[in-house]
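Asker: Predicted model, plus sequence, below.
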Amino acid sequence: MVLEYNSVYDELVIFLASLSPRKVLAYKSSAKAQERVAILLDKNTSVGLTPDEKAEMERYMTVEHIVRLAKAKAIQKLNVHSL
């Protein structure tokens, strides 16, 4: 099977999923990171975010998206090996 890389994000997803599917599935953000996202979300709904905070939130969202894709790939990998 030949994999095509569409972006650096795709490469990172495939790399993360190749490490250890069970470890990828167990990964979650630190309490500090989760707290920061909660603060940003709350501030966004109450008074709005500064441009720097918007950029920070976008980075968190990008990382979350990559982790979700890596977890999906890890699940696929585990399912293939269980057949």
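Answerer: Arrived safely. Values in this document were obtained by computation on a predicted structure and should not be read as measured data.
Asker: Can you verify my assumption that residue 24 contacts residue 74?
Answerer: Yes. Contact criterion C-beta atoms under 8 Å: residue 24 and residue 74 qualify, at 4.1 Å. For glycine as for every other residue, the C-beta is placed from the backbone atoms N, C-alpha and C.
Asker: Mind listing the shared neighbours of those two?
Answerer: For the pair residue 24 and residue 74, residues contacting each of them under the criterion C-beta atoms under 8 Å, 6 or more residues apart in numbering are 16, 17.
Asker: Helix, strand or coil: sort out residue 78 for me.
Answerer: Using DSSP: H, G, I helix; E, B strand; the rest coil, the three-state assignment for residue 78 comes out as helix.
Asker: wait, isn't it in contact with residue 23?
Answerer: No. Contact criterion C-beta under 8 Å: residue 78 and residue 23 do not qualify, at 11.6 Å.
Asker: For residue 27, which non-adjacent residue is spatially closest?
Answerer: Leaving aside its chain neighbours, residue 27 sits nearest to residue 67 (6.4 Å; criterion: C-beta to C-beta, 6 or more residues apart in numbering).
Asker: Low-confidence regions, this structure specifically.
Answerer: Scanning the chain for pLDDT under 70 picks out the ranges 1-5, 83.
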